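Student: Provided below are the primary sequence and the corresponding predicted coordinates.
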Amino acid sequence: MLRVICGPPHSGKSETLTSKLLKQRALNKRIRILVPAVMGHEKSPGVKIMERALALPAIPVGNKMDCLCVTRRSKANVIGIDDCHLFEGKPWFLEAIRELLSNDPRNPKDLIIILAGTDNYNPKKQTLMRELRKISKLSIDLPAI
């Protein structure tokens, strides 16, 4: 199942994602946090807060195999991915998400993927976040603060 949290900068996406992951942990789900591996990019404040709240490191992923292998090896039931907009222009990310949501026996059973990211809100431009929202079971759009 895919859930997408989308909103403008500083609208509470990371906090909402952290809250959703904490609820999953309370249900005894195994959690894994992934973030984009961007050269020279320091983890966002939201990711740092999430790491502290969940006492888990955020694992940087830079290609499809990173994303698939980290998820499958960890045997996590829930994957949280913050700053998804930084995967814009990287078609492998959408492919990896679709593959993880498929019925492939290598994938964890009943996998929940919760993503958070900023959309550019240009109605004429197709974006990664819009593509993810199309295949999600639940989409949360946060308003600007």
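Tutor: Now that the structure is in, tell me what you want to look at.
Student: Every contact and neighbour count from this point should use C-alpha atoms.
Tutor: Noted.
Student: pull the helix or strand with minimum mean pLDDT from this protein.
Tutor: Across the helices and strands of the chain, mean confidence by mean pLDDT, DSSP states H and E is lowest for strand 138-141: a mean of 72.
Student: hmm, who's touching that one?
Tutor: Defining contact as CA atoms under 8 Å, 6 or more residues apart in numbering, one finds that strand 138-141 is touched by Leu2, Arg3, Val4, Ile5, Cys6, Gly7, Arg133.
Student: Repeat that for stretch 64-78.
Tutor: 21, 24, 29-32, 34, 61, 79, 92-93, 95-96, 100, 106-114.
Student: Kindly report the same for stretch 23-32.
Tutor: Leu21, Leu56, Ala58, Thr71, Ser74, Lys75, Ala76, Asn77, Val78, Ile79, Gly80.
Student: for that stretch, which positions count as buried?
Tutor: Buried residues in stretch 23-32, counting neighbours by 16 or more other CA atoms under 10 Å, are found at Gln24, Lys29, Ile31, Arg32.
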